[in-house]
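1. With the input below, show me the fold.
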Amino acid sequence: MKRILFAILFSGTCLLLPGTGFSFDGPLQARNQFPLFLPLALPFLESAAARDSASVSVNHSSVYVTEYSPNWTVNMDLELTELAVRLKKRIGDRTEIGLDVPFLRFTEGFLDRPLEGYHDVLRAKDYGRHERPHNEFLYELTRNGLPIIKAESDTSGIGDTRLTLKREVTRGFPLVSVMGSLEFPTGDAKAGYGNGSYDGSLAVLVDIDFGKTYRGYGNAGAVFPGALKGYQTVPMRTYYYGGFGIEAAWWDHFSIIVQTLVASSPYPNTGIRQVDWPGMLLTFGGRYSCGPGSFEFSLSEDPDTAGAPDFILNVTGKINF
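-> Here you go, the predicted structure:
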């Protein structure tokens, strides 16, 4: 019921927006904000096209997980804000290099009461939020009773910085690229901003046009995370992801985008469903393009209520060169 109402309300709102030339500009720049996964080279859904662009994104998410197993304890009751700067530069006609720099802030937040009312109206599960005081911060990960991550409220820090390299393999129908990335341990692993290790990834990206109105995006890849080096060192597993999206150019300057991205868990088996199950995002949004710039907004939900925040709000400003 909650998911259906969410989709209907959001789609209806988008259809009321006015539109007034347009070019396809790739998927929405929303990625999973689940704090335990975020420092482990979590992917964006990417276009296969090589581009020259600069963008700034602001993401805000709410996370609630308080679970334990014989060896692990996960306590998260927080809101996370991320400011992400992304730069992309073409080298020749087919190659692109990129740089992603995230800045993270953990807070106790302000949305517990609105979320409580939202769940009450829809008669939906609240993940156990009612068991804790409103807007009280908690973020800790322990194994065998000893801490791995212990974060503090109202603190900020740089996350792990990523370099990407993309190469267009074919042009036409479809456009296919391969992309690799290397993530550097610039974030503090003990405070939850990074993992303290180098991470790598490889992916295949596909863009397909369906006439002049629709474009599809598809990604499939693998991520090779290094160990999480917090207060303890925990080896991570190679994980795999896949996603697709559809961009609909129903107006001259405005497009509607729906996309999904699923990734398996990088953690060893913890016995906690919210960590062991794949994280899934379902994202609805739109993009307004004007000249070389664009503005996009989106709302992401977690259909399987595991490995992802309750919701993610994203706004992005972008300039193409």
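
2. Show the contacting residues for residue 60.
-> By CB atoms under 8 Å, 6 or more residues apart in numbering, the contact list for residue 60 reads 79-82, 312-313. Quick note: C-beta positions are derived from backbone N, CA and C, even for glycine.

3. could those be laid out in TSV, adding distance to residue 274 and secondary structure?
-> Below are the contacts of residue 60 laid out as TSV (distance: CB to CB, whole Å; DSSP: H, G, I helix; E, B strand; the rest coil):
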residue	distance to residue 274	secondary structure
79	17	strand
80	15	strand
81	21	strand
82	20	strand
312	16	strand
313	21	strand
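
4. What's the PyMOL syntax to select whichever of the residues you listed are buried?
-> Selection of buried members from those for PyMOL, criterion 16 or more other CB atoms under 10 Å:
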select buried, resi 79+80+81+82+312+313
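
5. And the contacts of residue 60, which is closest to residue 72?
-> Nearest to residue 72 out of these is residue 80 (CB to CB; 20.7 Å).

6. so who does that closest one touch?
-> Contacts of residue 80 by CB under 8 Å, 6+ apart are 33, 35, 38, 59-61, 63, 104-107, 309.

7. Average pLDDT for the helix or strand hosting residue 287, rounded please.
-> Per DSSP states H and E, residue 287 falls inside strand 279-290. Averaging pLDDT along strand 279-290 gives 95.

8. CA-only coordinates of the helix or strand just after that strand in CSV, if you can.
-> Using DSSP H and E, the next helix or strand after strand 279-290 towards the C-terminus is strand 293-301. The C-alpha trace of strand 293-301 is given here as CSV (Å, rounded to 0.1, in the frame of the first residue of the first chain):
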residue,chain,number,x,y,z
GLY,A,293,22.8,23.3,-17.5
SER,A,294,20.2,21.1,-15.8
PHE,A,295,18.5,20.7,-12.4
GLU,A,296,17.2,17.4,-11.2
PHE,A,297,15.4,16.1,-8.2
SER,A,298,14.4,12.6,-7.0
LEU,A,299,13.0,10.5,-4.3
SER,A,300,14.2,7.0,-3.6
GLU,A,301,12.5,4.2,-1.6
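
9. List the contacts of residue 193.
-> By CB under 8 Å, 6+ apart, the neighbours of residue 193 are 39, 104, 157-160, 187.

10. about what we covered before: output the contacts of residue 60 in TSV, with distance to residue 321 and pLDDT appended to each entry.
-> TSV is the format used below for the contacts of residue 60 (distance: CB to CB, whole Å; pLDDT from 0 to 100):
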residue	distance to residue 321	pLDDT
79	34	93
80	31	96
81	28	96
82	24	97
312	28	95
313	27	95
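
11. So which of the contacts of residue 60 is the closest to residue 277?
-> Distances from residue 277 to those, taken by CB to CB, are shortest for residue 312, at 17.7 Å.

12. element containing residue 100?
-> Going by DSSP H and E, residue 100 is part of strand 95-107.

13. partner strands of that strand, parallel or antiparallel?
-> Here strand 95-107 is paired, per DSSP bridges, with strand 72-91 (antiparallel), strand 155-158 (antiparallel), strand 161-170 (antiparallel).

14. Now it - C-alpha only, CSV.
-> Extracted C-alpha coordinates of strand 95-107, given in CSV (Å, rounded to 0.1, in the frame of the first residue of the first chain):
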residue,chain,number,x,y,z
THR,A,95,37.1,8.1,-23.2
GLU,A,96,36.1,9.9,-20.0
ILE,A,97,37.9,10.3,-16.7
GLY,A,98,35.9,11.3,-13.6
LEU,A,99,36.4,12.4,-10.0
ASP,A,100,33.8,12.0,-7.2
VAL,A,101,34.4,13.7,-3.9
PRO,A,102,31.7,13.2,-1.1
PHE,A,103,31.3,15.2,2.1
LEU,A,104,29.2,13.5,4.8
ARG,A,105,27.3,14.7,7.9
PHE,A,106,25.6,12.5,10.4
THR,A,107,22.9,14.1,12.6
